[in-house]
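Asks: below are the sequence and a predicted model; questions follow.
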Amino acid sequence: WLKRVAKSGKPRGHLSVLVTGAAGFIGSHAALALKRRGDGVVGLDNFNSYYDPSLKRARQKLLERSGIFIVEGDINNSGLLQKLFEIAPFTHVLHLAAQAGVRYAMKNPKSYIHSNVAGLVSVFEVCKSANPQPSVVWASSSSVYGLNGKVPFSESDPTDQPASLYAATKKSGEEIAHAYNHIYGLSVTGLRFFTVYGPWGRPDMAYFLFTKDILKGRPIDIYQGPGNTTLARDFTYVDDIVQGCLAAIDTAEKSTGIGKGPAQLRIFNLGNTSPVGVTEVVEILEALLKTTAKKNLVAMPQNGDVLFTHANISYAKTVLGFNPRTDLRTGLKKFVNWYLKFHHPREKKI
C-alpha cells in the first residue's frame, strides 16, 4: 500500500493533496475533481458505520477507477498520518473527515469530540510538523451560526450560540484553527458549507430519506417550526461546493512556520444564497418521481435543528470567484437520476 500511496499522490501538475473523508459524499467528489485536473490525490477514510458503509465502498471503487487510492485509517492515528506525509510530501490537505449530522449527537456525543475536535487537532499536529508545512483547507459548517437571527448569514456574524453539539464542535474547530495558525504559522482556510446535496449523497439527509420513502410508499415527516412555519435550507449542489473547495486550495498561501510572520487565515461561506422550504423540496421530488408523497406535518423536535439557513457569499465571490450555478430543481433531478441508477438500476432516467 505504500507504493500505491506514492503513485496516487504523485501529481501531473504541481499540487499533491491529502483528502481526508475521501470516501464520504463531498470528499469523493472533491478528490475526483482534483485528480481530473492533474493533481496528485491520496484519500484517507475510516469507513465508519454512521451510515451504510457499502455506499462508501462504492465511492471508493469509483475513485480507484480514476487512480485515487484511499488509505483505510483514522485521522486520530498520528503514526499513520506521519507515514503518509513521509511517502507523499503533500502541498495541501483538504480535511473533510468529520462526524456529520445534527441529531445523531444526542445518541453518540463522544463521536463528535473524537472526530471533529480531537481529529482536527491530530491533522493540524502532523501538518505543523511537516517539512514543508502544507496549506490546510477544512470543512467547518453553516451550523456554527446556530441561533443567529440575522439573515443572510455573514462570516462576521456572531457564532457563539450553537444549537447543537455538532455545531459546537465545528465552532471549536474554528478556534483551534486560529491557534495553530497563530502559533505554528499554518495557512488555514475554513469553509462553512450550507446543506450540500447531490448524487452519491448522505443517506441521513432529508432529501435522500424523502426520495427513498416516497418510492416505497411510506409516509414522510415534514418538520414545522412555531406557528406551523416552514423550515428552509440554503440547499447547495455538490459540484458548486467542490468548485469552492478547489478555489480555496488554489488561492491558499503557503504556510510560514513558527516565528516567520503571520500566515493566511480565512473563513468562507459556501452556499447557494436561495433558501428553499422543505415543503417545496417535497413538491419537486413528487414531480420528478411522478408520485404523491404521504405527508405527516409534525412539530420540529428539540434535537439541534434550526429553522432556516441562508448564506451571504459576497466574500467567497470576491476572493474565490465562487459562483454557484445549480438551482434546486436541476440538482434534485441529477440526484434522483443517480438514486434510481444506483438503487433501482432497471428504472428509466427521468
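Replies: Okay, I see it. Just so you know, these numbers come straight off a predicted model, no measurement behind them.

Asks: quick one, helices of the stretch 251-350 of the chain?
Replies: Shown for the stretch 251-350 of the chain, the helices assigned by DSSP state H, counting those that start in this stretch span residues 278-289, 314-320, 328-343.

Asks: include mean pLDDT, distance to Phe268 and mean neighbour count when you put these into CSV, please.
Replies: In this view, the C-beta of every residue, glycine as well, is placed from N, C-alpha and C. CSV is the format used below for those (pLDDT from 0 to 100; distance: least, CB to CB, whole Å; neighbours: other CB atoms under 10 Å):
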stretch, mean pLDDT, distance to Phe268, mean neighbour count
helix 278-289, 97, 25, 17
helix 314-320, 98, 4, 17
helix 328-343, 97, 20, 18
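
Asks: okay, those in TSV with distance to Ala168 next?
Replies: Shown next, in TSV, are these (distance: least, CB to CB, whole Å):
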stretch	distance to Ala168
helix 278-289	24
helix 314-320	24
helix 328-343	29
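
Asks: closest to Pro158 out of these?
Replies: Using CB to CB as the criterion, the shortest distance between Pro158 and the helices of the stretch 251-350 of the chain is 16.4 Å, found for helix 314-320.

Asks: what's in contact with that closest one?
Replies: Residues outside helix 314-320 that contact it (CB atoms under 8 Å, 6 or more residues apart in numbering): Ser154, Glu155, Gly244, Ala247, Ala248, Thr251, Arg266, Phe268, Asn269, Leu270, Phe322, Asn323.

Asks: go ahead and confirm the second one touches Asn269.
Replies: Going back to what we said before, that points to Glu155. Yes. With contact defined as CB atoms under 8 Å, Glu155 and Asn269 form a contacting pair (6.0 Å).

Asks: domain parsing for the protein?
Replies: The chain breaks down into these structural domains: 2-194+237-270, 206-233+272-309+325-343 (assignment by automatic domain parsing).

Asks: tell me the most buried of the ones you listed?
Replies: domain 2-194+237-270 (a mean of 20; mean count of other CB atoms under 10 Å).

Asks: which of the contacts of helix 314-320 fall in strands?
Replies: Among the contacts of helix 314-320, the members found in strands (DSSP state E) are Arg266, Phe268, Asn269, Leu270.

Asks: could I get those as a markdown table with distance to Ser66 and pLDDT?
Replies: Shown next, in a markdown table, are these (distance: CB to CB, whole Å; pLDDT from 0 to 100):
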| residue | distance to Ser66 | pLDDT |
| --- | --- | --- |
| Arg266 | 29 | 98 |
| Phe268 | 27 | 98 |
| Asn269 | 29 | 98 |
| Leu270 | 24 | 98 |
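
Asks: quick one on the thing from earlier: find residues that contact each of Glu155 and Asn269.
Replies: In contact with both Glu155 and Asn269: Arg192, Asn312, Tyr315, using CB under 8 Å, 6+ apart.

Asks: dump those to a markdown table, plus distance to Glu280.
Replies: Written out in a markdown table, the entries for the shared contacts of Glu155 and Asn269 read as follows (distance: CB to CB, whole Å):
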| residue | distance to Glu280 |
| --- | --- |
| Arg192 | 23 |
| Asn312 | 21 |
| Tyr315 | 28 |
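
Asks: nearest to Leu288, of those residues?
Replies: Distance ranking of those against Leu288, using CB to CB, places Arg192 first at 28.7 Å.

Asks: much appreciated, bye for now.
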